[in-house]
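J.: Could you look at this predicted model? Sequence included:
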Number of protein chains: 2
Amino acid sequence: MANGSDRQSQDGRVLEADRLLLGRASTAERVADVLRDRIAEGHFPPGTRLSEESIGGALGVSRNTLREAFRLLTHERLLVHRLNRGVFVRKATPEDLADLYRLRMLIECGALRALGRPPYPLDDLRAAVVAGERAARDRAWQLLATANIHFHQAVVALAGSPRTDELMRGVLAELRLVFHVMDDPRRFHEPYLTRNRAILEALRDGDAAGAEGLLAAYLVDSRAQLSGAYALRVAEG
Amino acid sequence: MANGSDRQSQDGRVLEADRLLLGRASTAERVADVLRDRIAEGHFPPGTRLSEESIGGALGVSRNTLREAFRLLTHERLLVHRLNRGVFVRKATPEDLADLYRLRMLIECGALRALGRPPYPLDDLRAAVVAGERAARDRAWQLLATANIHFHQAVVALAGSPRTDELMRGVLAELRLVFHVMDDPRRFHEPYLTRNRAILEALRDGDAAGAEGLLAAYLVDSRAQLSGAYALRVAEG
DNA sequence: GCATATTTGTCCGTATGTATA
DNA sequence: CTATACATACGGACAAATATG
């Protein structure tokens, strides 16, 4: 996808090799992957318009393929489609924030509530906690944010439901949009390190109900903190 | 807005008038709506291959537009896409059944658990109950199934979360695929009428916790009944 | 096993309607 | 009101994979 040199292959062998290299995903899905990463890392800030021509030209794909990728991302709520105006990176509203946290509370606490008897498979959870602690030591705040997201994905994964996992992926991807209003990722993410560990230890001790309570309080606080930042942002303009 | 020049029926004119009548949905979305209904009513049983040529010809849309509709339905898990083979109506597996009910338990019970103080806005819920009772009196089993689905949508709507509503729509659409294994829709849906009413009355009395318990038992029984039918179906071949 | 036909995957060019300057 | 830019949808083209005889 870095260049369009495979386009002019006579017998199509290069194209086939390219597809094998990049996996079995369709072109549109690979384009969507690239754009999703760009949005998550803040390269396309909320409100940016994604022009068919410029993006398609930069990635070397046709408009039809690009439109398919746009549709995928629109369905994930990362882009909004304004009729005959084009697609824009979504600007999360305070209502979005409230709804996302309602959903998080439902899913994450529900996942813990549905747990059976201990012990639980906590490897992924533990890995996310130590990754976060290491990122904080290294002052790698972007990594810290990622580890925090992995932690919550791992919490939901305890439910063992593929559909819930996919749902949570979408919620967290959308939440990254919200996080962009926090100009200081350290102050936002760092305090939750110890709380993540506390939840992990409650689960290790087989206290699922205790973990659920900790998680609920966590979400309430996180939501309040983001709401405050949103109010400030609106007051500023 | 309306430049009502009466130019005559070129192809695009009809489509435009159609769009104005049917609202702001794109052609691909309308095609997806048609196919979704066909699948839900069993006209395209699970496993059917949807040929681009035949469907596109029948609906009078181009391949590109049709493929967009396929993509939408694939994302809703109603279709599966096999590379270079085409799209097929999804065959739900027992694993799908288990996961769908895990998710229903999570969402529906979670919605009731998150309720605040009574009274609750129960109009939609009540409408679904009476629609179901009327359908049973009229022996309209297809309507009964639809009313039953509306009931559960209304339960989830009490949470007031747009994202949860959309999620539930998808879950129930997928569940219709599962229902096709039930050769006797009456025996499957009718017993739940009285349980729907019991849940409604618990909510009317402000007893959200009681309603949640009834709903959980409902889901456990429904899941067990479907699992039994699946086991039979597998045993038959 | 081989050759042919059918279908899908991808991309292009174009016509038309709509929103904005 | 006109002009420009862009989204939408269509039809066609060719390559690749699969199905068929």
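T.: Cool, got the structure.

J.: The residue most central in space within chain A and A:Arg223, how far apart?
T.: Nearest to the geometric centre of chain A sits A:Ala173, at 2.3 Å (C-alpha atoms, centre = their mean). According to C-beta to C-beta, to the nearest Å, A:Ala173 stands 18 Å off from A:Arg223. No exception for glycine: its C-beta is placed from N, CA and C like everyone else's.

J.: and the nearest residue to A:Val155 once chain neighbours are set aside, what does it touch?
T.: Counting by C-beta to C-beta, 6 or more residues apart in numbering or on different chains, A:Val155 lies nearest to A:Glu108, which is 5.5 Å off, once chain neighbours are set aside. Taking C-beta atoms under 8 Å, 6 or more residues apart in numbering or on different chains, we find A:Glu108 in contact with A:His152, A:Val155, A:Val156, A:Met168, A:Leu215, A:Leu219.

J.: What pLDDT is listed against the closest residue to DNA strand C within chain A?
T.: DNA strand C sits closest to A:Ser62 of chain A, with a gap of 2.8 Å, by C-beta to the nearest atom of the strand. Here, the pLDDT recorded for A:Ser62 equals 73.

J.: likewise A:His152?
T.: Looking at A:His152, its pLDDT is 97.

J.: do A:Arg134 as well
T.: Reading off the model, A:Arg134 has pLDDT 96.

J.: The one 10 residues further on now?
T.: Listed pLDDT for A:Leu144 reads 90.

J.: Once you drop chain neighbours, what's closest to it?
T.: A:Ala135 (4.1 Å).

J.: Likewise for A:Tyr192?
T.: A:Asn148 (6.2 Å).

J.: who touches the one you found in this structure?
T.: A:Ala128, A:Gly132, A:His189, A:Tyr192, A:Asn196.

J.: Go again with 7 Å.
T.: By C-beta atoms under 7 Å, 6 or more residues apart in numbering or on different chains, the contact list for A:Asn148 reads A:Gly132, A:His189, A:Tyr192.

J.: still on that earlier bit, isn't the residue nearest to the centre of chain A up against A:Leu78?
T.: Yes. In terms of C-beta atoms under 7 Å, A:Ala173 counts as a neighbour of A:Leu78; the distance is 6.4 Å.

J.: any common contacting residues for those two?
T.: Contacts common to A:Ala173 and A:Leu78, judged by C-beta under 7 Å, 6+ apart, are A:Arg36.

J.: What ranges in chain A fall below the confidence cut-off?
T.: Applying pLDDT under 70 to chain A picks out residues A:1-26, A:53-54, A:57, A:60, A:83-84, A:183, A:234-237.

J.: how about the residues of it near chain B?
T.: Within reach of chain B by C-beta under 7 Å from any C-beta of the partner chain, chain A has these residues: A:24, A:64, A:68, A:71, A:75, A:83, A:99, A:102-103, A:106-107, A:110, A:114, A:159, A:161-164, A:167.

J.: Whichever of the residues you listed end up buried, select them in ChimeraX.
T.: Applied in ChimeraX, the following selects the buried portion of the residues of chain A next to chain B according to 16 or more other C-beta atoms under 10 Å in any protein chain shown:
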select /A:68,71,75,99,102,103,106,107,110,114,159,161,163,164,167
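
J.: Just checking the strand or helix carrying A:Ile39 against DNA strand D, any contact.
T.: A:Ile39 is located in helix A:27-40, with elements delineated by DSSP states H and E. No. Using C-beta under 7 Å from any atom of the strand, helix A:27-40 never reaches DNA strand D; the gap is at least 12.6 Å.

J.: So what's the gap between whichever helix or strand comes after that helix and the chain middle?
T.: Downstream of helix A:27-40, the next assigned helix or strand under DSSP H and E is strand A:49-50. Centroid displacement of strand A:49-50 relative to its chain, using C-alpha atoms, centre = their mean, to the nearest Å, is 20 Å.

J.: Can you list the neighbours in contact with strand A:49-50?
T.: Here strand A:49-50 has contacts from A:Phe44, A:Leu79, A:Gly86, A:Val87, A:Phe88, A:Val89, using C-beta under 7 Å, 6+ apart.

J.: What of stretch A:192-202?
T.: A:122, A:125-126, A:129, A:132-133, A:136, A:148, A:151, A:210-211, A:214-215, A:218.

J.: Mind doing that once more with 6 Å?
T.: When contacts are defined by C-beta atoms under 6 Å, 6 or more residues apart in numbering or on different chains, stretch A:192-202 is touched by residues A:Leu125, A:Val129, A:Gly132, A:Ala136, A:Phe151, A:Gly210, A:Ala211, A:Leu214, A:Leu215, A:Tyr218.

J.: Buried among these? Need that as a selection in ChimeraX.
T.: Typed into ChimeraX, the line below selects the buried ones among the contacts of stretch A:192-202, using 16+ other C-beta under 10 Å:
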select /A:125,129,132,136,151,210,211,214,215,218
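
J.: Farthest pair within the contacts of stretch A:192-202?
T.: The distance between the two most remote of the contacts of stretch A:192-202 (C-beta to C-beta) is 24.3 Å, for A:Ala136 and A:Gly210.

J.: Now tabulate the contacts of A:Asn148 in JSON lines and tack on secondary structure.
T.: Below are those laid out as JSON lines (DSSP: H, G, I helix; E, B strand; the rest coil):
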{"residue": "A:Gly132", "secondary structure": "helix"}
{"residue": "A:His189", "secondary structure": "helix"}
{"residue": "A:Tyr192", "secondary structure": "helix"}
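
J.: List just the nearest of the residues you listed to DNA strand D.
T.: Checking these one by one against DNA strand D (C-beta to the nearest atom of the strand), the nearest turns out to be A:His189, at 35.0 Å.

J.: if I pick the closest one, what's in contact with it?
T.: A:His189 touches A:Leu144, A:Ala145, A:Asn148, counting by C-beta under 6 Å, 6+ apart.

J.: For the second one, grab the count of nearby residues.
T.: Number of residues near A:Ala145 (other C-beta atoms under 10 Å in any protein chain shown) recorded here: 20.

J.: Helix or strand for it, just tell me which one.
T.: helix A:141-157.

J.: Now the element after that helix, going C-ward?
T.: That would be, after helix A:141-157 and using DSSP H and E, helix A:162-179.

J.: So what touches that next one?
T.: Contacts of helix A:162-179 (C-beta under 6 Å, 6+ apart): A:40, A:46, A:76-77, A:90, A:92, A:97, A:100, A:103, A:107, A:149, A:153, A:156-157, B:99, B:103.
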